[in-house]
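K.L.:
this is a predicted model, with the sequence first.
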Amino acid sequence: MKIVVIGGSGLIGTNLVNRLRQKGHDVIAASPASGVNTITREGLAAALSGAQVVVDVANSPSFEDKAVLEFFETAGRNLLAAEAAAGVGHHVALSVVGTQRLPESGYLRAKKVQEDLIKASRIPYTILQSTQFFEFVKGIIQSGMKGDVVHLSPALLQPIASNDVAAVLADIVVGAPVNGTVEVAGPEPIPLDALARRYLAATDDKRRVITDIHARYFGTELNDKSLTPGDHPRLGTIRFGDWLRENAVRA
């Protein structure tokens, strides 16, 4: 099976490409670095020629509200048009749990636009909505900095290792389109402020975390249902404590 992974050189993309190649598939790791650009369309038609499945795990280079919306809207339109022309039979996209619930977040508004474009196309699809990755906890901490302390909400998350996300994606890619959304989450819910404290302690970082129910998470306030999955998500197997023991020194 020929599979094109848009964003194939990133955190999830690299992992996914390796998994699919190990299963014997013909996989193209597409990115601007490899000459495939979904914004300019450079190399897009050639990369998609003969592809049965396209997986979109690309992310915006900027999280500024206007820039991220333009990225996902433009890239989404160009990619779906190229897939229709190439006769692609399954579009798989990685999105975020909570996308429909948090319109105050510029990033999640942009992801909703991306999802809506996919649903409106005539290409069979599967959208995988994931909870936040363990690997992004450091960035969340940085986003909550006010002076020399970190202000974070105590709202529940159910964070997941990127390796678990890639594993679920690999299963979805070789399966039939569901023409709907699948959720994936980590094995345990953890309050956001507690998550940050555990990360800082494991990395010997002395910054203090202040629990603040009004602290904004990339532009929006949270509650316990904002970023947690529904009743029947697929679950990863790696727990945060185990991931920290493996990755604290590197972090």
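P.N.:
Noted; the coordinates are in hand. Residues are numbered from 1 along each chain as shown.
K.L.:
state the mean pLDDT of the top helix by length along the chain.
P.N.:
With residue count as the measure and DSSP state H as the assignment, the chain has helix 65-86 as its longest helix. pLDDT averaged over helix 65-86 equals 97, rounded to a whole number.
K.L.:
chain center to that helix, what's the gap?
P.N.:
Going by Cα atoms, centre = their mean, to the nearest Å, the spacing between the C-alpha centre of helix 65-86 and its chain's C-alpha centre is 16 Å.
K.L.:
neighbours of the nearest residue in space to residue 42 that is not next to it in sequence, how many?
P.N.:
Nearest residue to residue 42 in three dimensions, chain neighbours excluded: residue 35, at 6.6 Å (Cβ to Cβ, 6 or more residues apart in numbering). The way it works is simple: take the backbone N, C-alpha and C, and place the C-beta from them, glycine included. Using other Cβ atoms under 10 Å, residue 35 has 12 neighbouring residues.
K.L.:
gap between residue 35 and residue 8?
P.N.:
12 Å (Cβ to Cβ, to the nearest Å).
K.L.:
in the stretch 1-150 of the chain, which spans are strands?
P.N.:
2-6, 26-30, 53-56, 90-96, 125-130, 145-146, 149-152 (DSSP state E, counting those that start in this stretch).
K.L.:
the following helix or strand past the last one packs against which elements?
P.N.:
Yep, that's strand 149-152 we're talking about. Proceeding N to C from strand 149-152, the next assigned helix or strand is strand 156-157, under DSSP states H and E. Taking 3 or more Cβ pairs under 8 Å, 6 or more residues apart in numbering; DSSP states H and E as contact, the helices and strands that strand 156-157 lies on are strand 190-191, helix 192-202.
K.L.:
distance between the longest one and the chain's centre?
P.N.:
Between the mean C-alpha location of helix 192-202 and the chain-wide mean there is a distance of 21 Å, by Cα atoms, centre = their mean.
K.L.:
what lines up beside the helix or strand following it in the sheet?
P.N.:
Going down the chain from helix 192-202, the next helix or strand is strand 208-211, by DSSP H and E. Using DSSP bridges, the neighbouring strands of strand 208-211 in the sheet come out as strand 149-152 (parallel).
K.L.:
which positions in the strand it pairs with come out as buried?
P.N.:
Buried residues in strand 149-152, defined by neighbour count with 16 or more other Cβ atoms under 10 Å: 150, 151, 152.
K.L.:
any stretches of the stretch 51-200 of the chain with poor pLDDT?
P.N.:
The model of the stretch 51-200 of the chain has no residue with pLDDT under 70.
K.L.:
ok, residue 22 - contacts?
P.N.:
With contact set as Cβ atoms under 8 Å, 6 or more residues apart in numbering, residue 22 has no partners.
K.L.:
from residue 133, how far off is it?
P.N.:
Using Cβ to Cβ, residue 22 is found at 22 Å from residue 133.
K.L.:
residues making contact with stretch 136-153?
P.N.:
Everything outside stretch 136-153 that qualifies as a contact, by Cβ under 8 Å, 6+ apart, is 132, 159, 192-193, 195-196, 199-200, 207-215, 217-218, 221-222, 251.
K.L.:
in ChimeraX, select just the buried ones from those residues.
P.N.:
What follows is the ChimeraX syntax for the buried subset of the contacts of stretch 136-153, where burial is set by 16+ other Cβ under 10 Å:
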select :132,159,192,193,195,196,199,200,209,212,215,217,218,221,222
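K.L.:
related to what we said a few turns ago, so which of the strands of the stretch 1-150 of the chain is the most packed in?
P.N.:
When those are scored by mean count of other Cβ atoms under 10 Å, the highest mean neighbour count falls to strand 53-56 (a mean of 28).
K.L.:
off-centre distance for it?
P.N.:
Using Cα atoms, centre = their mean, the mean C-alpha position of strand 53-56 is found 14 Å from that of the whole chain.
K.L.:
and it, which strands flank it?
P.N.:
Using DSSP bridges, the neighbouring strands of strand 53-56 in the sheet come out as strand 2-6 (parallel), strand 90-96 (parallel).
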